[in-house]
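# here's my sequence, what's the structure:
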Amino acid sequence: MDSVFAACSYQLTPTDRTHGYAATTGKVSVATGSSCHWTAVNTTNPWISITAGASVTGDGEVTYTLAGNPNPGTRVGVIRIGNQDFTVTQTGVTCTYSISPPTHDKCYGATTGSVQVSTQSPCNWTIENPTDWIVITSGNSGTGSDKVFYSVLANAGMTTRIGTVTIAGQPFTITQAPYPVICPANKQVECGAAWDFNSPTLNSPDVTIQSMTSVTNITCGKSFIAIRSWIVTDRCGNTATCSQTVTAVDAVPPVLTCSANKSVQCGAAWSFDPPVGTDACDGATVGITIVGTVTNLVCGQSFTATRTWRGTDACGNAAMCSQTVSSVAATAPVLTCAPDKSVECRCGMGIQSSDCDGGLWRKRDHHDCEYPHQPGLRQEFHGDADVASD
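Take a look at the predicted model:
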């Protein structure tokens, strides 16, 4: 075909042209002799189309269109005009990305949201999400401008958390408020002691709190378990609850007071004195039982007796005390002697007659007699056999 145009010369203006990635239209001027015929042919590239000036005689103009380049690489095509090549260069697409909004503040509760991705129509993009509490629900890639949908799990922690998802190369940051209330710790108090519930601590701005219910369950005696609940509402309408349990326990034994130990006269009537029991939790509600009584003989009919009691409150706490009673013989026995009497002195029974002297022997005890005129002279008498001795 070039031999057909050999006798003519063709001047193209411009001789080549570079276009951007978008679809567009271009023109080339052709200068030649008035009798020179020429054609314009797109030889190899389907993305170049000749729309005018495909066959002309003399001066003319070629109009062409380019399809958009969906790829980032530059491409080159040639239009053959007469015997001249017109080079068309089309740059690859240069993708720019933006997202809206780039950040979002969330309340503590589970929620959803979306992000708008803006870019050129042939541009592909992906999502990188390293955060386990942010879930992408619309897929992890896209082409052109589109929306990304996501959900956020509830924050059960006591601190604010921040997560960043990369969308089309752009950081999208979510800041989520913490659980809005810190509940007071459960506690234990002694039964009978003064106490009150502790107030919760608000852990997030723009929240309101109100008391819900208080429930008390009796356990034993006057011991109990009391529970108070609160409800908190944040600015998004999410609600959270918390509660405190107060347990009143009776861990202290009752006070069991026994009477003082005492002594009684041997043979006199007596009894133990009952103890008195009190309990700080249950007041006077103390059950008293006898544990045992131990008696030890001392002498004769004297003895010591000890009784032990146990006092138990309504919760099973117990205390013991005892009283000892001593039975003593403090009175001396009564000893009665026979009346005094006189006996006749007998001579010839081992006593010299000169010692008798006509005097009278005086009875000293059951068997002995003494002679008052001679100290130390005694006489033992046993019926008719009396013996005097000194």
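# on the three-state scheme, the nearest residue to residue 164 once chain neighbours are set aside is what?
Excluding the flanking residues, the one nearest residue 164 by C-beta to C-beta, 6 or more residues apart in numbering is residue 173, at 4.8 Å. Every C-beta, even on glycine, is put in place using the N, C-alpha and C of the backbone. Residue 173 falls in the strand class when you classify it by DSSP: H, G, I helix; E, B strand; the rest coil.
# for the spatially most central residue of the chain, give me phi and psi.
A centroid search over the chain (C-alpha atoms, centre = their mean) returns residue 185, at 7.5 Å, as the residue closest to the centre. Here is the backbone geometry of residue 185 (degrees, to the nearest 10): phi -70, psi 150.
# ok, it touching residue 244?
Yes - under the criterion of C-beta atoms under 8 Å, residue 185 is in contact with residue 244, at a separation of 7.4 Å.
# which residues do the two both contact?
residue 198 (C-beta atoms under 8 Å, 6 or more residues apart in numbering).
# one step back: the residue nearest to residue 164: how many residues sit nearby?
Residue 173 is flanked by 13 other residues according to other C-beta atoms under 10 Å.
# need the contact list for it.
Here residue 173 is in contact with 102, 103, 104, 162, 163, 164 (C-beta under 8 Å, 6+ apart).
# of all the residues you listed, which comes closest to residue 298?
Of all the contacts of residue 173, residue 162 has the smallest distance to residue 298: 87.8 Å, by C-beta to C-beta.
# from residue 178, how far off is the closest one?
As judged by C-beta to C-beta, to the nearest Å, residue 162 and residue 178 stand 11 Å apart.
# ok, those two, which is more surrounded?
residue 178 (16 against 10).
# confidence score at the more buried one?
What the model reports for residue 178 is a pLDDT of 95.
# then the one 3 residues further on?
Note on residue 181: pLDDT of 92.
# look up phi and psi at it.
Torsion angles, degrees, to the nearest 10, at residue 181: phi -140, psi 140.
# neighbours of residue 188, how many?
Residue 188: 12 neighbours (other C-beta under 10 Å).
# typo on my end, residue 143
14.
# quick check on the residue nearest to it when sequence neighbours are not counted: phi, psi?
Nearest residue to residue 143 in three dimensions, chain neighbours excluded: residue 124, at 5.1 Å (C-beta to C-beta, 6+ apart). Note on residue 124: its backbone torsions stand at phi -90, psi 150 [degrees, to the nearest 10].
# separation between residue 124 and residue 142?
Distance from residue 124 to residue 142, by C-beta to C-beta: 7 Å.
# compare these two (neighbour count), which wins?
residue 142 (19 against 13).
# these two touch, right, the more buried one and residue 121?
No - the criterion here is C-beta under 8 Å, and residue 142 misses it with residue 121 at 11.4 Å.
# now stretch 122-129: average pLDDT?
On average, stretch 122-129 scores 92.
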